[in-house]
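>>> Sequence first, predicted model second:
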Amino acid sequence: MGDGVAGAPTRGDRDGEVPGRGDVRAGSGPHPDGPLTPGEAQAHLDHYGRLHDELVSRGELVESTILTGPDLALVVRSDGTAPAVTTGPFAEFTEWLAGYQIVDVDSEARAVEIAAAVSAVPGRGGRPTGQPVHLRRVLDDSPAGVDGMMAYLDTAKGPS
């Protein structure tokens, strides 16, 4: 097993073959087909349970965390003096981070395989939800110095 974790699991140069540290993030939000029935919710949980057991048995699961829903979130902003805190619910959230997994894998292909399994969690009528899953590498170190910070910010520009 490499020292890597799924995400964009290559360290440094994305074209390299050295596994890196990363995570699988599951985006979520209101179910597109409406709320799940109790049976559908159980199928949803069973799917995640099987995936969790597989990742543990393969020695790939490093961390798995479920977060509270956005209605319980706080948004904190500060100008360097007193913080301004806003409580949820937030109407502007159409997608939200339900939780994340950090997994230790040998290749980006395995990271994509895990993310696809997360995305295919069953929803209404047992149909795969196709929820968006983000793969991101966990950095080995924080950006150091101005050049390192500028290089990091170049990876966080978002859509043009």
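Everything's here; your move. The shown structure was predicted, so the numbers you read here are calculated from the model rather than taken from an experiment. Residues are numbered from 1 along each chain as shown.
>>> In a strand, Met140, correct?
Quick fix: residue 140 is Asp, not Met. No - secondary structure of Asp140 (DSSP: H, G, I helix; E, B strand; the rest coil): coil, not part of a strand.
>>> From Glu108, how far off is it?
Between Asp140 and Glu108 the distance is 17 Å, computed by CB to CB, to the nearest Å. For glycine as for every other residue, the C-beta is placed from the backbone atoms N, C-alpha and C.
>>> Tell me which of those two has more neighbours.
More crowded of Asp140 and Glu108, by other CB atoms under 10 Å: Glu108, with 21 against 10.
>>> ok, Glu60 touching Asp106?
No - using CB atoms under 8 Å, Glu60 makes no contact with Asp106, being 9.1 Å away.
>>> So between these two, which is more surrounded?
Neighbours were counted for Glu60 and for Asp106 using other CB under 10 Å; Glu60 has more, 21 against 16.
>>> Leaving aside the residues adjacent along the chain, what's closest to that one?
Closest residue to Glu60 apart from its sequence neighbours, by CB to CB, 6 or more residues apart in numbering: Val103 at 4.6 Å.
>>> For the one you found, list each beta-bridge partner.
Note on Val103: beta-bridge partners Leu61, judged by DSSP bridges.
>>> tell me which element Val75 is part of?
Taking DSSP states H and E as the definition, one finds Val75 inside strand 74-77.
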